[in-house]
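[1] sequence first, predicted coordinates after that:
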Amino acid sequence: LGAAAPLTFGPFEGDFLQGALDVVAGTKIDQITMLRLGHSANIELFQYSAPGQRHDMPKNSDWTGHHVAFYVTDIDAAIEYMDSRGVTRLFGPFTLTDGPAAGQSINYFKTPWGSYIEFISYPNDMAYDVPSVHPLWTPKRNGLDAVQTKVPGLLGIDHVGLTVPDIAIAAAWLETNLGYANPLTFGPFADPTGGFMTALVDVHPRAVVEQIRMLRGGNGPNIELFQYTSPDQDRSARRNSDWGGHHVGLYVQRIDKGVETLQSRAGSKLDGPLSLTEGPAAGQSINYFRTPFGTNVELISYPHGMAY
């Protein structure tokens, strides 16, 4: 994809990880690498070692399923490039022509570590986007020049997709506690007899996407919530230290005020705020929060930059 990795740090170990990250005793973060791709949010990769660590990866239909979606200006050119690199591509591009999400084209890819990325494009916007609606955020707002990427027309992260146990509860948590808006809801999607769902998103052929909600918060990538049913759905939780563990990190200007406010609303704060004072990531302060849909939300701040 042409990502850059300007920041690598770690390791971290000690009892403080249990309270800060909701992991078990004996957990160690071997390394953290932060990657920049396009002109949107970053991707943070963790390598953990931990007692009882799960080594299986979730499907998109599982309760801990997730993907990262990148906006591309020309989906055919972007797909052609990925094919030339030998990346595992699922069926597509698939274009929605009906309903509020009409106008978007998508294609999923499977990574060598078992997660999924998606390319999405809506050059003429989507059907829901009418003058009376405050639309979803898009990387197009940062300009149409592709930066820090090898993919033609890749602008940055458009959204992060999360599969949740109860989509109404998850959306309400984001709306009530973080002030997110939900301008786009669509679905269901299913194929009762064929293999379309397997081809498109690598799930059981009888899996059903009951509903999708796209939520906007702040001035960055959207959160896309999925509610699936599937004959083989894994409804268990994952820790941050498990393969397939993930979180969403939100930048705040003042960590103390941000933590105080979110704690007053959600009441689910883990230990923190924790501030790094040494190494290349010195200058950042973080605090994780539990959510009722199984994905931790992190508040992060580095008002004076980081040491690197």
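    Right, received. Where do you want to start?

[2] burial check on N42, number of neighbours?
    Number of residues near N42 (other Cβ atoms under 10 Å) recorded here: 16. Bear in mind the C-beta positions are built from the backbone N, C-alpha and C, glycine included.

[3] residues touching it, list them.
    34-36 (Cβ atoms under 8 Å, 6 or more residues apart in numbering).

[4] E260 too?
    Remark: with contacts taken as Cβ under 8 Å, 6+ apart, E260 is in contact with nothing.

[5] quick one: secondary structure of it?
    Using DSSP: H, G, I helix; E, B strand; the rest coil, the three-state assignment for E260 comes out as helix.

[6] then K140?
    Going by three-state DSSP, the secondary structure assigned to K140 is helix.

[7] that one and D158, how far apart?
    When Cβ to Cβ, to the nearest Å is the yardstick, K140 and D158 sit 9 Å from each other.

[8] higher neighbour count, those two?
    Between K140 and D158, counting by other Cβ under 10 Å, D158 is the more crowded of the two (29 against 15).

[9] which element is N287 on?
    Here N287, judged by DSSP states H and E, is contained in strand 285-289.

[10] tell me the confidence at Y228?
    With respect to pLDDT, Y228 has a value of 98.

[11] burial of it, as a residue count?
    Neighbours of Y228 under the rule other Cβ under 10 Å: 29.

[12] how about it: what's its closest non-neighbour residue?
    Leaving out its chain neighbours, the residue that sits closest to Y228 by Cβ to Cβ, 6 or more residues apart in numbering is S61, at 4.1 Å.

[13] how about the contacts made by that neighbour?
    Under the criterion of Cβ under 8 Å, 6+ apart, the neighbours of S61 are 163, 201, 203-204, 207, 228, 230, 232-233.

[14] what does Y128 give?
    Residues 100-101, 135, 183-184 are the ones in contact with Y128 under the rule Cβ under 8 Å, 6+ apart.

[15] nearest to G258, of these?
    Relative to G258, the closest of the contacts of Y128 is P183; by Cβ to Cβ it sits at 24.1 Å.

[16] so what touches stretch 267-279?
    Under the criterion Cβ under 8 Å, 6+ apart, external residues in contact with stretch 267-279 comprise 9, 16, 19-22, 255-256, 259, 262-263, 282-291, 296, 299, 307.

[17] wait, what's in contact with M306?
    Residues in contact with M306, defined by Cβ under 8 Å, 6+ apart, are 7, 280-284.

[18] SS state for it?
    With three-state DSSP as the basis, the three-state label of M306 is coil.

[19] just give the nearest non-adjacent residue to it, would you?
    Spatial nearest neighbour of M306, chain neighbours left out: G283 (4.2 Å); criterion: Cβ to Cβ, 6+ apart.

[20] got it, and G194?
    Leaving aside its chain neighbours, G194 sits nearest to P205 (7.1 Å; criterion: Cβ to Cβ, 6+ apart).
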